[in-house]
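Enquirer: I need the structure of the sequence given here:
(one chain, ligands or ions: 1)
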Amino acid sequence: MTTTTTAYDVIVVGLGGMGSAAAYHVAARGHRVLGLERHQPAHARGSSHGGSRIIRQSYFEDPGYVPLLLRAYELWDKLAVDAQREVYRLTGGLFVGPPDCRTVAGSVLAGRRWGLAHEVLDAAEITARFPHFTPHPGDIALYEAKAGFARPELTVRAHLDLADRAGATLRFDEPVLEWSQTRDGVRVRTPRGSYTAGRLVICPGAWAPQLLAELGVPITVERQVMYWLDPIGGAAAFADHPIFISENYSGAQIYGFPAIDGPRGGVKVAFFRKGLACTPETIDRVVRPREIDEMRARVTELLPALAGGCRHTATCMYSNTPDQHFVIARHPGYANVTVAYGFSGHGFKFVPVVGEILADLCIEGVTAHPISLFDPQRPVTR
Ligand SMILES: Cc1cc2nc3c(=O)[nH]c(=O)nc-3n(C[C@H](O)[C@H](O)[C@H](O)COP(=O)(O)OP(=O)(O)OC[C@H]3O[C@@H](n4cnc5c(N)ncnc54)[C@H](O)[C@@H]3O)c2cc1C
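Expert: The predicted structure follows:
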């Protein structure tokens with residue numbers, strides 16, 4: 001082992017979705033940043049891969065997220081311009097289900113509370129506007145023109161490139177084995193050496209139970225599967241499709257995207273929050289034919305054209321808190337350590353604003369963004 005002890009202002013551990021954004025925002029404010037990542041840039045072993053992530057503003061999870069989304073959208077724009085990449089695209093979004101279900105009622109509540117542009121469509125109007133959709137006769141939908149998708153791998157690479165341009169040192173294939181507080185800062189140890197800095201930002205994704213075991217909010221890591229299905233009749237008709245989330249009468253949600261990867265790319269669909277507990281070491285990466293059959297059976301209730309073959313599948317991990325709200329805060333026990341984890345399967349659309357919040361917390365100690373929902377000391381049921 002070589003011991004390299006170099007002083008930085010801030011060390012960022014984990015350069016996935018949140019950590020890459022944090023590294024960029026901290027470096028852009030003129031601080032000396034070291035980023036440490038256990039895998040390669042934009043890898044497929046955590047939570048930020050698979051080509052697409054839904055972005056939306058009428059947020060059924062809680063209207064309290066909306067101000068963060070409004071700022072995130074400004075930063076998505078800025079990122080696209082600064083990195084000269086299409087990191088996101090607006091396609092419109094349909095949130096479909098029984099009128100009183102969480103997906104529809106929660107989206108309408110958030111949309112109305114924040115005055116967000118939206119339309120409410122009944123089942124006949126949904127099919128008239130979007131002929132591939134065949135909702136149940138009693139279903140309705142909130143349609144939001146400002147919904148769309150982000151490209152996770154492109155986003156991570158964009159933030160890493162901008163962080164690098166702003167002077168950050170980024171090291172890959174270098175896992176942090178442990179971190180500790182020193183008299184005037186922090187120390188982290190990796191297989192290649194140890195590094196010191198004034199402050200530490202930890203964005204470990206599904207590895208949170210290993211790096212942040214002592215923090216209050218428990219995390220359950222879950223295996224999730226993404227499926228790329230071929231539409232009957234070809235992908236072209238799905239090229240300009242809205243993203244969608246659909247909830248059925250038992251409260252189960254699925255979601256999907258347009259055909260964004262050309263005629264041979266398929267249409268990506270998935271169950272929202274339907275997975276088995278795992279760890280990054282034990283996750284089963286094999287997707288079985290019965291899982292594909294189950295996905296196809298559910299999605300064709302709403303989109304009968306998605307009855308074609310399954311082009312490919314991929315697995316990914318959610319890191320769930322008991323109340324499905326994030327954890328973003330200064331570490332309650334260590335003032336110079338900031339943490340961001342537990343994004344519970346809905347964090348990607350916030351990536352740019354989480355980067356900004358982490359820079360605020362680690363440099364200024366406070367943020368003007370409303371983040372009380374994400375307090376690690378909130379009461380949660382274990
Ligand atoms: C299938 C799926 C679909 C999703 N769909 C959506 C969606 O449509 N919309 C949406 O908004 N969100 C969605 N999400 C959620 C979103 O993708 C996640 O909330 C987000 O990617 C989490 O980012 P992260 O930075 O916490 O984790 P990651 O991106 O996984 O980053 C954590 C990083 O830390 C590194 N790391 C861990 N431990 C160490 C260590 N000891 N040393 C060094 N590095 C370390 C890991 O290698 C990893 O790169 C989805 C998630 C999944 C899995």
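Enquirer: C-alpha from now on. contacts and neighbour counts both.
Expert: Noted.
Enquirer: pretty sure Arg171 sits against Gly35.
Expert: Yes - look at Arg171 against Gly35 with CA atoms under 8 Å: they come within range, at 6.0 Å.
Enquirer: compare those two (neighbour count), which wins?
Expert: Taking Arg171 and Gly35 together and counting by other CA atoms under 10 Å, Gly35 has the greater number of neighbours (25 against 16).
Enquirer: quick check: that one vs Ala123, distance?
Expert: Taken as CA to CA, to the nearest Å, the spacing of Gly35 relative to Ala123 amounts to 49 Å.
Enquirer: next one: Met18
Expert: When distance is defined by CA to CA, Met18 is 38 Å away from Ala123.
Enquirer: the more surrounded of the two?
Expert: With neighbours defined as other CA under 10 Å, Met18 and Ala123 compare such that Met18 has more, 30 against 19.
Enquirer: can I get the host helix or strand of Ala297 in PDB, CA atoms only?
Expert: In this structure, Ala297 is located in helix 289-302 according to DSSP states H and E. Only the C-alpha atoms of helix 289-302 are listed here, as PDB (Å, rounded to 0.1, in the frame of the first residue of the first chain):
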ATOM      1  CA  PRO A 289     -38.600 -15.200 -18.000                       C
ATOM      2  CA  ARG A 290     -41.500 -15.200 -15.400                       C
ATOM      3  CA  GLU A 291     -40.500 -11.700 -14.400                       C
ATOM      4  CA  ILE A 292     -40.600 -10.500 -18.000                       C
ATOM      5  CA  ASP A 293     -44.000 -12.200 -18.400                       C
ATOM      6  CA  GLU A 294     -45.300 -10.500 -15.300                       C
ATOM      7  CA  MET A 295     -44.100  -7.100 -16.500                       C
ATOM      8  CA  ARG A 296     -45.600  -7.500 -20.000                       C
ATOM      9  CA  ALA A 297     -48.900  -8.700 -18.600                       C
ATOM     10  CA  ARG A 298     -49.200  -5.600 -16.400                       C
ATOM     11  CA  VAL A 299     -48.100  -3.000 -18.900                       C
ATOM     12  CA  THR A 300     -50.200  -4.300 -21.700                       C
ATOM     13  CA  GLU A 301     -53.300  -3.700 -19.600                       C
ATOM     14  CA  LEU A 302     -52.600   0.000 -20.300                       C
END
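Enquirer: near the ligand, anything from stretch 284-304?
Expert: No - Stretch 284-304 lies apart from the ligand when judged by CA under 6 Å from any ligand atom; the minimum separation is 12.4 Å.
Enquirer: that stretch - what's its average pLDDT?
Expert: With pLDDT averaged residue by residue, stretch 284-304 scores 97.
Enquirer: contact residues of the stretch 151-300 of the chain facing the ligand?
Expert: When proximity is defined as CA under 6 Å from any ligand atom, the stretch 151-300 of the chain approaches the ligand at Pro175, Val176, Leu177, Cys203, Pro204, Gly205, Trp207, Gln224, Val225, Met226.
Enquirer: buried subset of these?
Expert: The neighbour-count test (16 or more other CA atoms under 10 Å) applied to those identifies Pro175, Val176, Cys203, Pro204, Gly205, Trp207, Gln224, Val225, Met226 as buried.
Enquirer: which ones among those lie within strands?
Expert: Where those overlap with strands, as defined by DSSP state E, the overlap consists of Gln224, Val225, Met226.
Enquirer: which of these lies closest to Ile371?
Expert: Top of the list for closeness to Ile371, among those and by CA to CA, is Gln224 at 26.8 Å.
Enquirer: which residues touch that closest one?
Expert: With contact taken as CA atoms under 8 Å, 6 or more residues apart in numbering, Gln224 is in contact with Phe271, Arg273, Lys274, Gly275, Leu276, Thr315, Cys316, Met317, Tyr318.
Enquirer: switch to 6 Å and redo it
Expert: Gly275, Thr315, Cys316, Met317 (CA atoms under 6 Å, 6 or more residues apart in numbering).
Enquirer: max-length helix in the protein?
Expert: Determined from DSSP state H, the single longest helix within the chain is helix 66-83.
Enquirer: buried residues, that one. List them.
Expert: Under the neighbour-count criterion of 16+ other CA under 10 Å, helix 66-83 has Val66, Leu68, Leu69, Ala72, Tyr73, Leu75, Trp76, Leu79, Ala80, Ala83 buried.
Enquirer: the ligand next: which of these are close?
Expert: Restricting the buried residues of helix 66-83 to those adjacent to the ligand (criterion: CA under 6 Å from any ligand atom) removes every one of them.
Enquirer: so can I have JSON lines of the residues of the stretch 151-300 of the chain next to the ligand showing distance to Phe60 and pLDDT?
Expert: Below are those laid out as JSON lines (distance: CA to CA, whole Å; pLDDT from 0 to 100):
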{"residue": "Pro175", "distance to Phe60": "36", "pLDDT": "98"}
{"residue": "Val176", "distance to Phe60": "36", "pLDDT": "98"}
{"residue": "Leu177", "distance to Phe60": "38", "pLDDT": "97"}
{"residue": "Cys203", "distance to Phe60": "25", "pLDDT": "98"}
{"residue": "Pro204", "distance to Phe60": "26", "pLDDT": "98"}
{"residue": "Gly205", "distance to Phe60": "23", "pLDDT": "98"}
{"residue": "Trp207", "distance to Phe60": "27", "pLDDT": "97"}
{"residue": "Gln224", "distance to Phe60": "21", "pLDDT": "98"}
{"residue": "Val225", "distance to Phe60": "22", "pLDDT": "98"}
{"residue": "Met226", "distance to Phe60": "22", "pLDDT": "98"}
